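Asker: Kindly return the folded structure for what I paste below:
(one chain, ligands or ions: 1)
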Amino acid sequence: MVTSLIDGFQNFRDRFFGKASSEFGDLVSKGQKPKTMVVGCADSRVDPAILFNTRPGDLFMVRNVANLVPPYAPDAGLHGVSAALEYGVRDLMVENIIVLGHGLCGGVQAICSHHRKLQENGGKPDAPSREFIGNWIDVATPAMQNIDFANWQDSFQHDAERASIKNSVANLRGFPWIAEAVKAGKLHLHGWWFDMENGALWSLDEGSGNFIQLVPDAAESKPTR
Ligand SMILES: [Zn+2]
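Answerer: Model (predicted):
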């Protein structure tokens with residue numbers, strides 16, 4: 001695997017640093033000017049650069065477990081996501097922030113399983129099996145109010161993934177300089193959900209709170225013979 005990564009880098013080097021291309025040279029001499037920031041999941045299947053077919057310099061990105069945006073909390077904590085948001089919005093002045101969630105998200109599955117166990121144990125939490133994940137995914141707890149964990153069905157996981165995206169977009173608005181830029185019409189917030197089972201892309205309509213399909217299922221797009 002590591003050898004294939006080195007081969008991959010050589011490929012990249014030839015493509016972007018070869019005689020025929022000045023693309024990376026421009027990015028080095030002029031600096032990065034991405035118009036879009038993505039808050040994505042660490043999941044290996046949902047790399048935004050691959051999903052959206054982008055070029056180097058296009059996306060300013062922060063990825064974490066379950067693509068969460070924590071609430072605005074300007075204290076001495078180690079706020080990696082908030083620091084990335086601050087740089088993206090205040091220094092790079094991106095015009096869009098996309099919170100990119102996805103189907104079959106392990107992080108959201110973990111928070112659902114935590115809440116299901118709470119139901120089963122009459123509100124008593126299990127001893128945590130990991131050191132960091134539990135506290136981190138707790139960021140999504142406010143989004144879980146409408147999920148019926150007592151009568152769990154597998155399809156609820158997608159509801160939880162979408163609810164968590166909605167919660168993260170709401171948390172973005174809690175950052176004063178994000179709210180200000182949005183109000184000035186300089187920044188637009190988006191909540192997208194990648195349906196990896198069907199190859200579709202959905203977008204949060206903040207007015208209705210529903211997700212609408214931006215790109216249909218792959219099966220619907222195949223030419224009929
Ligand atoms: Zn995920």
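
Asker: buried sites along stretch 127-147?
Answerer: Neighbour-count burial for stretch 127-147 flags Ile133, Trp136, Ile137, Val139, Ala140, Ala143, Met144, Ile147 (criterion: 16 or more other Cβ atoms under 10 Å). From N, CA and C alone the C-beta is placed, and that goes for glycine too.

Asker: Which single one of those is nearest to the ion?
Answerer: Ile137 (10.2 Å; Cβ to the ion).

Asker: show me what contacts the closest one?
Answerer: Residues near Ile137 by Cβ atoms under 8 Å, 6 or more residues apart in numbering: Val65, Ala66, Leu68, Gly107, Val108, Ala110, Ile111, His114.

Asker: Could you measure from it over to Cys41?
Answerer: Between Ile137 and Cys41 the computed distance is 11 Å (Cβ to Cβ, to the nearest Å).

Asker: Once you drop chain neighbours, what's closest to Gln32?
Answerer: Gly57 (5.3 Å; Cβ to Cβ, 6 or more residues apart in numbering).

Asker: so who does the one you found touch?
Answerer: Leu27, Gln32, Lys33, Pro34.

Asker: Quick check: phi and psi on it?
Answerer: When read as degrees, to the nearest 10, the backbone of Gly57 gives phi 90, psi -10.

Asker: Could you tell me how far it is located from Glu23?
Answerer: Gly57 is 8 Å from Glu23, by Cβ to Cβ.

Asker: got the residues of the protein near the ion?
Answerer: Cys41, Asp43, Cys105, Gly107 (Cβ under 5 Å from the ion).

Asker: at 8 Å what do you get?
Answerer: 41-43, 46, 65-67, 101-102, 104-108, 161 (Cβ under 8 Å from the ion).

Asker: what about burial for those residues, which qualify?
Answerer: Cys41, Asp43, Val46, Val65, Ala66, Asn67, Gly101, His102, Cys105, Gly107, Val108, Glu161.

Asker: Can you tell me which of these end up in strands?
Answerer: Cys41, Gly101, His102 (DSSP state E).

Asker: pLDDT and distance to Lys19 for those residues - can I get that in a markdown table?
Answerer: Below are these laid out as a markdown table (pLDDT from 0 to 100; distance: Cβ to Cβ, whole Å):
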| residue | pLDDT | distance to Lys19 |
| --- | --- | --- |
| Cys41 | 98 | 38 |
| Gly101 | 98 | 41 |
| His102 | 98 | 39 |
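
Asker: got any residues that touch both of Ile137 and Cys41?
Answerer: Contacts common to Ile137 and Cys41, judged by Cβ under 8 Å, 6+ apart, are Val65, Ala66, Gly107.
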